[in-house]
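Peer 1: How does the following fold in three dimensions:
(one chain, ligands or ions: 1)
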Amino acid sequence: MPSDDRLYFRQLLSGRDHARTDPLANQMVNFSYLIGDRETSQTLVVDPAYAVDEILDVAEGDGMALAGVLVTHHHPDHVGGSMMGYSIEGLSRVLEVASVPIHAHRQEVMSICRVTGVDPGEVVGHYGGDKVAVGAIEVELIHTPGHTPGSQCFLVEGMLVAGDTLFLSGCGRTDLPGGDPKAMYDSLRKLSSLAETTVLYPGHRYSAASAATLDIVKQTNPTFAVTDEASWLAAFGS
Ligand SMILES: [Fe+2]
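Peer 2: Next comes the predicted model:
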């Protein structure tokens, strides 16, 4: 197991840390992440969107070379594409500057390619439970359908990068195409079984805090206030 100081981890907020002048980036408050191995100076980037070059500049400024991309799900604010009349930069820009694999859940691959224009041959389709290594750091992929069929979260050394599956308060919408409230309920149960010391890093900054431990989230997030499926679907299933 690598030591803590070997893990490279950065959380980057759109509109603050990159894409500062982009009104959509400011409105959407998306998080991108860098996860790497300081010893091998390699990093993965999670959900690069808006000002991709600025995100990659952060990694480069830290002396880290890009080794791959992890995708939580196919929505354009996470991977680039067209949204609300805006064109968002994303995966296709990454591939213009670096020839690296894009790691996604297998059920999300075609949607990612449709939204971004990236060739399917550029995307590695994974199953839940797969691991993606960067240097000696291993990232576990957790399949969490509900927001989209192939949504996935990333677990690395007690940190959970959750995309739009789980926020500090609330969970991802299930009323968009591909959304499934029942699947979301099961995915949230799966995440709630992780160690309570796990730190949740969400896909958007919808709360004042940018991260919180699961024990706090389970006490304060209304999505965990209801613990039986029927009641949960009645309260949140839309
Ligand atoms: Fe989303």
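
Peer 1: who in this protein is up against the ion?
Peer 2: For the chain, the residues in contact with the ion (CB under 5 Å from the ion) are 75, 164. Every C-beta, even on glycine, is put in place using the N, C-alpha and C of the backbone.

Peer 1: any idea what the most centrally placed residue in the chain is structurally, helix, strand or coil?
Peer 2: Geometric centre of the chain, nearest residue: Gly163, 3.4 Å, by CA atoms, centre = their mean. Using DSSP: H, G, I helix; E, B strand; the rest coil, the structure places Gly163 in coil.

Peer 1: tell me which strands and helices the longest helix along the chain is in contact with?
Peer 2: Taking DSSP state H as the criterion, the chain has its longest helix at helix 181-192. Contact here means 3 or more CB pairs under 8 Å, 6 or more residues apart in numbering; DSSP states H and E; on that basis helix 181-192 packs against strand 137-143, helix 214-220, helix 229-236.

Peer 1: Which residue ranges of the chain form helices?
Peer 2: 23-28, 52-61, 76-79, 91-97, 109-116, 181-192, 214-220, 229-236.

Peer 1: Put together TSV for the ones you listed, with mean neighbour count and mean pLDDT on each row.
Peer 2: Conversion of the helices of the chain to TSV gives the following (neighbours: other CB atoms under 10 Å; pLDDT from 0 to 100):
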stretch	mean neighbour count	mean pLDDT
helix 23-28	18	96
helix 52-61	18	98
helix 76-79	26	98
helix 91-97	19	98
helix 109-116	20	98
helix 181-192	19	96
helix 214-220	17	97
helix 229-236	14	89
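
Peer 1: got the contact list for the residue lying closest to Asn221 once chain neighbours are set aside?
Peer 2: Closest residue to Asn221 apart from its sequence neighbours, by CB to CB, 6 or more residues apart in numbering: Ser169 at 5.4 Å. Applying CB atoms under 8 Å, 6 or more residues apart in numbering to Ser169 gives the contacts 206-207, 220-222.

Peer 1: Would you reformat the helices of the chain as JSON lines and include distance to Phe154?
Peer 2: Below are these laid out as JSON lines (distance: least, CB to CB, whole Å):
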{"stretch": "helix 23-28", "distance to Phe154": "20"}
{"stretch": "helix 52-61", "distance to Phe154": "16"}
{"stretch": "helix 76-79", "distance to Phe154": "13"}
{"stretch": "helix 91-97", "distance to Phe154": "16"}
{"stretch": "helix 109-116", "distance to Phe154": "16"}
{"stretch": "helix 181-192", "distance to Phe154": "12"}
{"stretch": "helix 214-220", "distance to Phe154": "15"}
{"stretch": "helix 229-236", "distance to Phe154": "23"}
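
Peer 1: I'm done for today, thanks for sticking with me.
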